[in-house]
Structure formats: structure tokens, C-alpha cells
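Peer 1: Build me a model from this:
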Amino acid sequence: MKHRLKGQTLVEIIVVVGVIVVLTTALVILTTYSLKNSRVSKLRSQAMKYAAEGMEYVRQKRDTGWEQFQALDGSLCIGDGGEQSASCEENVNNFFERKATFTWNETDNRMDVVVTVSWPEGETTLRSFFTRW
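Peer 2: Okay, here's the model as predicted:
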């Protein structure tokens, strides 16, 4: 007697469904990871732009008068448009926090400046020093 089986067995169907579920899950995870990385990259790029703006604001303060610039000590919150703000909390675009920190370096006779822009997921900094010219 010859028995010919036609169609799929239950085991084959379960294996195929399992493979499809695993592939779909992997695809969803990769897509989610990619979207998160894209968002973080965009925020980091914006933060770097805001840090550069902050450093330009510091440069303008230096250009207005060295004596006043040299007297700066501690930190300064720089809000939207380069305006000083009383609080550093979400002072740029209502999301980022931008702060410039000034340290007078007596040995090298220069002002060391660090501009920090932070947001809930990260932080970026720019460092520079200014001398009297």
C-alpha cells in the first residue's frame, strides 16, 4: 500500500510560523533601534550648534572689553539668542540647557571657557581659551 501525504504537516506549519515571528520581531527591534539612534544623532547635532553659538557669545563678550571679560568667574547661563538667563534649566528652545563656565588660568594668563549643552538623554561640551590680544 502506498500512502501519499498531501499538504503540510502540523509541525511544518508551526516551524514556518515560528520563523516568521522571529524575523518580524528582529525587524521591529532593528527599526526601533535605528529610529532611536537617528533621534539621538539629531539632538547631538543641535546641541553642538547651540554650543558653538554659546562660544560665539563668549567671544563677543571678550571683544567688548577684556577687563570685564577677565572679571567673569564661575558660570553663566546663555539662553535663546545669546541672552543671559537667570536659570540654565531648559533655556534654549525650551529643551536644552546651555551654560558657559569661566576659569581664569593665572599661570598661562588666559581665560579657560567650557560651554556645556545638555538635554535629558545626553550632553555635549566645547572647550576653548581666550587670551588678551
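
Peer 1: and the helix or strand harbouring residue 30, how far from the chain's centre?
Peer 2: Element membership of residue 30 [criterion: DSSP states H and E] is helix 10-64. From the chain centre to the centre of helix 10-64 is a distance of 11 Å (CA atoms, centre = their mean, to the nearest Å).

Peer 1: Now do the helix or strand following that helix: which elements does it pack against?
Peer 2: Next helix or strand after helix 10-64 toward the C-terminus (DSSP H and E): helix 66-71. Applying 3 or more CB pairs under 8 Å, 6 or more residues apart in numbering; DSSP states H and E, one finds that helix 66-71 makes contact with helix 10-64. For every residue, glycine as well, the C-beta is placed using N, CA and C.

Peer 1: sorry, back to before: what mean pLDDT does the helix holding residue 30 have?
Peer 2: Mean per-residue pLDDT for helix 10-64: 93.

Peer 1: show me the contacts for residue 38.
Peer 2: By CB atoms under 8 Å, 6 or more residues apart in numbering, the contact set of residue 38 is empty.

Peer 1: Contacts only, for the residue most central in space within the chain.
Peer 2: Centrality entry for the chain: nearest residue to the mean C-alpha point is residue 44, 2.9 Å, by CA atoms, centre = their mean. Counting by CB under 8 Å, 6+ apart, residue 44 makes contact with 122, 124.

Peer 1: how close does it sit to residue 23?
Peer 2: To residue 23, residue 44 is 32 Å away according to CB to CB, to the nearest Å.
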